[in-house]
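S.K.: here is a sequence with its predicted model. Questions after.
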Amino acid sequence: MNILFFDLEATDKDVETARIIQIAYSLWDWTAKKELYFFTALIKPTESYFVHPDAQAIHGISAEQIEEFGMSQEAALSDFLYYMKKAQYLCAHNLHNYDLPLLKNELKRESKEIVFLP
């Protein structure tokens, strides 16, 4: 049984308008108690964005960091979806109220969707 643990950081707390600017995830084989894959990266959104000062105060990520070190949003989200498909379960600190709605909205903007999740 594989579990994907993940965390997202964003430009704001509003899942309708926020943009994902950092992703971290770890795929575990829970039966074997073994980590199979780990990834973390800053993400540069494809559209214009503004990092709200309240959000930056929480996660410490600036627009300057994103511009200099952020990977393309398309590559980051495509990789994440690849590993998500290998998991039977998802786990995140605020999965249903923040991370999953944020992810779904971001993918919708990119004309992608998660077809195997409610």
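M.R.: Okay, I see it.

S.K.: can you give me the strands in the chain?
M.R.: Here the chain has its strands, by DSSP state E, at 2-10, 20-29, 34-44, 71-72, 89-91.

S.K.: need the contact partners of the last one.
M.R.: This means strand 89-91. M1, N2, I3, L4, F5, F6, M84, L100, L117 (Cβ atoms under 8 Å, 6 or more residues apart in numbering). All C-beta atoms are positioned from the backbone trio N, CA, C, and that covers glycine.

S.K.: quick one: the second one and A32 touch, right?
M.R.: No: judged on Cβ atoms under 8 Å, N2 makes no contact with A32 at a distance of 9.9 Å.

S.K.: who has more neighbours out of the two?
M.R.: N2 (17 against 10; other Cβ atoms under 10 Å).

S.K.: what's around the nearest residue to that one once chain neighbours are set aside, how many residues?
M.R.: Spatial nearest neighbour of N2, chain neighbours left out: A87 (4.6 Å); criterion: Cβ to Cβ, 6 or more residues apart in numbering. Neighbour count for A87, taken as other Cβ under 10 Å: 19.

S.K.: this completes my enquiry, with thanks.
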